[in-house]
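Colleague: Curious how this folds, go ahead:
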Amino acid sequence: MKVLLTHAYFLAEDRKEQEIMRPYPPLGILYLAAYLEERGVAAEVFDTTFSTWAALEAHLLRAQPDVVGVYTNLMTKRNVLRLVRLIRGQPGRSRTRVVLGGPEVTHHAEKFLEHGADAIVVGEGEETMHALVSTAWARGSEDAAAIEELAGVAGIVFRDPEGRVVRAAPRALLRSLDELPMPKRDALDLAPYLDAWRSRHGSNAVSISTMRGCPYSCRWCSRAVYGASYRRRSPKKVADEMQIIVDRYHPDSLWFVDDVFTINHRWLEELTAEVERRSLAIPYECITRADRLDERSVALLRRSGCFRVWIGAESGSQKVLDAMDRRVKVDRVREMIQLSKKHGIETGTFIMLGYPGETEADIDATIEHLKRSDPDQFTITVAYPIKGTPYYEEIRDDIVDKRPWEESTDRDLALRRPRSSIYYKLAVARVVNEVRSFQLARRAGRPSLAAAKHGAKALFARAGMRAEPALRALDARARRAFAR
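Modeller: Sure, this is the predicted structure:
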């Protein structure tokens, strides 16, 4: 069968990413392509990141694939639906089968089927996709035997000829990730990614994955693909891939996409030994948790090449962290940021505002936390509920669903909050500017114009936050008056 894999993400449509300019290749479908190829199924990858809709449509017409597999996440949902419509609308392509996988499809499977998908892959995709294209769909028949065979493919959701939704048995997760081949990076052109990074930042990075799953219980975090498991490739296999990347692409650094890179200290020690034995000196960046760091693990990070570690914080308020079920102490986060800096490793951290129960006092605590921990970088998001997470279930009754499902994502859901979206925009501005003002003044050792400008912006944002309830009440009265 002719299989085409794609992901429907277009950098030219993403203004925020154009500002950041840190695009990464779609590792998921590169793993899938390598797995299928290893088993004798030729799978072409059409990388949309630097491409256009016109080019994708022309390629589909030219390639005439039997199966199109599309990686789907929250950001690409609307584009994926557009792609399904495009395939269904092409002359002679009514028999092209469309299979969707990724984190967005698990809890919206029936909706994606309603909008034209033939099958939804729930969970890990490699074994399931191979079963679809090499057995269940290989004959091209839709008789009763074929439908029965399709129902026997673990890990999928589909509709039978009568339109009934069929959910096959769940597929067990791969026991050993060492069974997976390395992602097929040569299926796409990596040069535009490396060039985009270097032109904007002066250096570039290649992404690499060593683990799947996360055993922690943060209530806002989705586990739609890998569940709450923890599975990891052996240090030797990881070092092999690092070596290939360095020899073939010569990047300036690596980006480990794992959720908790230092979760297993013995594994980290073995990887460090492999890196040192091979003299594989390449800087890398990773993410971890404060409770999985200590003096020994931070020293290992430094020895193995880590130049920046991102340490999850989410809030400077212990009350909010406990509500999130983060299972970490604010003091520990601060200590590990400072310890990493002491070892010469740059630090980054993540902040989330707007979690249920958060007050302005909690935001004050977050600002104080950032000042005291003094990370080199930090990012801020406003909490939003992803279907399937405990957080979503917690605030389900507060979701105001006004937009059609196909035109929106979980990130667009309107919520009944004590504060408006304007309040949280002001809160983000306040946190960013107050912390930046503090950092600039401290590093300069004296007041500076730049610090003063950030300080003024922080004061303005804080005033707006304080005035927001009155402004919202005034707006509500005005709306009622106009309605009369």
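
Colleague: mind listing what residue 31 touches?
Modeller: The contact partners of residue 31, by Cβ atoms under 8 Å, 6 or more residues apart in numbering, come to 126, 180-181, 183-184. For glycine as for every other residue, the C-beta is placed from the backbone atoms N, C-alpha and C.

Colleague: now the strands for the stretch 201-350 of the chain?
Modeller: 205-208, 211-212, 231-232, 253-256, 284-288, 306-314, 346-353 (DSSP state E, counting those that start in this stretch).

Colleague: how far is the third one from where the chain is centred?
Modeller: When you say that, I think you mean strand 231-232. 18 Å (Cα atoms, centre = their mean, to the nearest Å).

Colleague: What is that strand packed up against?
Modeller: Applying 3 or more Cβ pairs under 8 Å, 6 or more residues apart in numbering; DSSP states H and E, one finds that strand 231-232 contacts strand 211-212.

Colleague: The strand it packs on pairs with which strands?
Modeller: Paired with strand 211-212 in the same sheet, following DSSP bridges, are strand 231-232 (antiparallel).

Colleague: for the record, mean pLDDT for the strand it pairs with?
Modeller: What strand 231-232 shows for mean pLDDT is 96.

Colleague: cool, stretch 84-94 as well?
Modeller: Mean predicted confidence for stretch 84-94 is 78.

Colleague: Likewise for stretch 13-32?
Modeller: 94.

Colleague: still on that earlier bit, can you lay out the strands of the stretch 201-350 of the chain as TSV showing distance to residue 64 and mean neighbour count?
Modeller: Putting the strands of the stretch 201-350 of the chain into TSV (distance: least, Cβ to Cβ, whole Å; neighbours: other Cβ atoms under 10 Å) gives the following:
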stretch	distance to residue 64	mean neighbour count
strand 205-208	31	22
strand 211-212	33	21
strand 231-232	37	18
strand 253-256	36	19
strand 284-288	41	22
strand 306-314	43	23
strand 346-353	44	20
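
Colleague: could I get those as CSV with distance to residue 425?
Modeller: CSV is the format used below for the strands of the stretch 201-350 of the chain (distance: least, Cβ to Cβ, whole Å):
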stretch, distance to residue 425
strand 205-208, 30
strand 211-212, 35
strand 231-232, 39
strand 253-256, 29
strand 284-288, 26
strand 306-314, 19
strand 346-353, 10
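
Colleague: Out of the ones you listed, flag the one nearest residue 159.
Modeller: strand 211-212 (29.0 Å; Cβ to Cβ).

Colleague: what about the helices in the stretch 101-250 of the chain?
Modeller: 109-114, 126-131, 144-151, 191-201, 235-249 (DSSP state H, counting those that start in this stretch).

Colleague: Give me the residues contacting the second one.
Modeller: Yep, that's helix 126-131 we're talking about. 31-32, 35-36, 39, 41, 69, 99, 101, 121, 153-156, 171, 174, 180.

Colleague: Report the distance from that helix to the chain centre.
Modeller: 22 Å.

Colleague: Would you enumerate the residues in contact with the spatially most central residue of the chain?
Modeller: Nearest to the geometric centre of the chain sits residue 73, at 8.0 Å (Cα atoms, centre = their mean). Residues counted as contacts of residue 73 (Cβ under 8 Å, 6+ apart) are 102-104.

Colleague: again, but for residue 125
Modeller: Residue 125 neighbours (Cβ under 8 Å, 6+ apart): 28, 32, 69, 101-102.

Colleague: Kindly report the same for residue 47.
Modeller: Taking Cβ under 8 Å, 6+ apart, one finds 6-7, 25-26, 187-189 in contact with residue 47.

Colleague: Kindly confirm my reading that it forms part of a strand.
Modeller: No: counting by DSSP: H, G, I helix; E, B strand; the rest coil, residue 47 falls outside a strand, being coil.

Colleague: chain center to the longest helix along the chain: distance?
Modeller: For the chain, the helix that runs over the most residues, judged by DSSP state H, is helix 449-483. In terms of Cα atoms, centre = their mean, the centre of helix 449-483 is set 32 Å apart from its chain centre.

Colleague: Stretch 133-144 too?
Modeller: 33 Å.

Colleague: re the thing from before, kindly write the ChimeraX command that selects the buried subset of the contacts of helix 126-131.
Modeller: Entered in ChimeraX, the line below selects the buried ones among the contacts of helix 126-131, by 16 or more other Cβ atoms under 10 Å:
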select :31,32,35,36,41,69,99,101,121,153,155,156,171,174,180
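
Colleague: measure residue 248 to residue 196 for me?
Modeller: 18 Å (Cβ to Cβ, to the nearest Å).

Colleague: Equivalent analysis for residue 240, please.
Modeller: 27 Å.

Colleague: Same drill for the two, tell me which one is more crowded.
Modeller: residue 196 (19 against 15; other Cβ atoms under 10 Å).

Colleague: ok, the more buried one touching residue 24?
Modeller: No: contact criterion Cβ atoms under 8 Å: residue 196 and residue 24 do not qualify, at 10.3 Å.

Colleague: any shared contact partners between the two?
Modeller: Counting by Cβ under 8 Å, 6+ apart, nothing touches both residue 196 and residue 24.

Colleague: What is the neighbour count of the closest residue to residue 149 other than its chain neighbours?
Modeller: Computed as Cβ to Cβ, 6 or more residues apart in numbering, the closest residue to residue 149 that is not its neighbour in sequence is residue 136, at 5.1 Å. Using other Cβ under 10 Å, residue 136 has 21 other residues around it.

Colleague: Number the chain from 35, please
Modeller: Sure, I'll start numbering at 35, so the last one becomes residue 170.

Colleague: Residue 170 touches residue 180, doesn't it?
Modeller: Yes: with contact defined as Cβ under 8 Å, residue 170 counts as touching residue 180 (7.3 Å).

Colleague: coming back round to it: return the member of the contacts of residue 107 nearest to residue 49.
Modeller: Scanning these for proximity to residue 49, where the rule is Cβ to Cβ, the winner is residue 138, at 20.8 Å.

Colleague: Would you confirm that residue 269 contacts residue 308?
Modeller: Yes: in this structure, residue 269 is within contact of residue 308 by Cβ under 8 Å, at 5.0 Å.

Colleague: if we can go back for a sec, distance check, the residue nearest to the centre of the chain against residue 41.
Modeller: 8 Å.

Colleague: Much appreciated, bye for now.
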